[in-house]
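**Student:** I need the structure of the sequence given here:
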Amino acid sequence: MMPNMLAVLIAAIIPLIIGSVWYNPKVFGNTWMRVAEVSEEKLKGGNMIVIFLVTFVFSFFLSFIMFPVVVHQAALFSLFAGEPGVMEGSGPAFEQLNGLMEQFGGSFRTFKHGVLHGVIEALFFAMPIIGINALFERRGFKYIMIHVGYWVLTLALMGGILCQWG
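**Tutor:** Residues are numbered from 1 along each chain as shown. Below you'll find the predicted structure:
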């Protein structure tokens, strides 16, 4: 089961949009710069075109791999993919898969369900990674929470888009 690539592309834009608001000085930007020990001068030194392009590529990877997490039917398809005839669209396993998809293909395919899985991914995947890195970088709790908050919101919206329209 391949995802709707338009939904994947739209979801991949979400980190850039949320980041532009979340890390804005009027929201958490000033606090983040202080706890991350980053100055405005240092931020001005980066090549923003490269930063945004690479961010979009990474966001695309993230969006693509989130699809099977938020759409349970993708796991069902992967369960049958190795059976004879399934990839060619024939045979008993293909017929069984089609029957299951007819019966359950629309189950749990809502924005709300995707948001749930996005939040779960943020709390049980992104937060530990951010937290571990922050501990070794000697960053504080506020640093961790700023980034975790960003990823909770970002992955929730990405998950919602992918589950509803992916």
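**Student:** Break this protein down into its domains, please.
**Tutor:** Following automatic domain parsing, the chain resolves into domains at 5-71+109-165, 78-107.
**Student:** For the longest one, what is the distance to the chain centroid?
**Tutor:** To tie it back to what came earlier, the one meant is domain 5-71+109-165. Using C-alpha atoms, centre = their mean, to the nearest Å, the distance from the centre of domain 5-71+109-165 to the centre of the chain it belongs to is 8 Å.
**Student:** Ok, the shortest one next?
**Tutor:** The gap between the average C-alpha position of domain 78-107 and the chain average comes to 27 Å, counting by C-alpha atoms, centre = their mean.
**Student:** For it, list every residue counted as buried.
**Tutor:** By neighbour count, with 16 or more other C-beta atoms under 10 Å as the criterion, the buried positions of domain 78-107 are 80, 86, 93, 94, 97. From N, CA and C alone the C-beta is placed, and that goes for glycine too.
**Student:** and the host helix or strand of the fourth one, what other elements does it pack with?
**Tutor:** If I follow you right, that is residue 94. Under the criterion of DSSP states H and E, residue 94 resides in helix 92-104. Counting contacts by 3 or more C-beta pairs under 8 Å, 6 or more residues apart in numbering; DSSP states H and E, helix 92-104 packs against helix 72-80.
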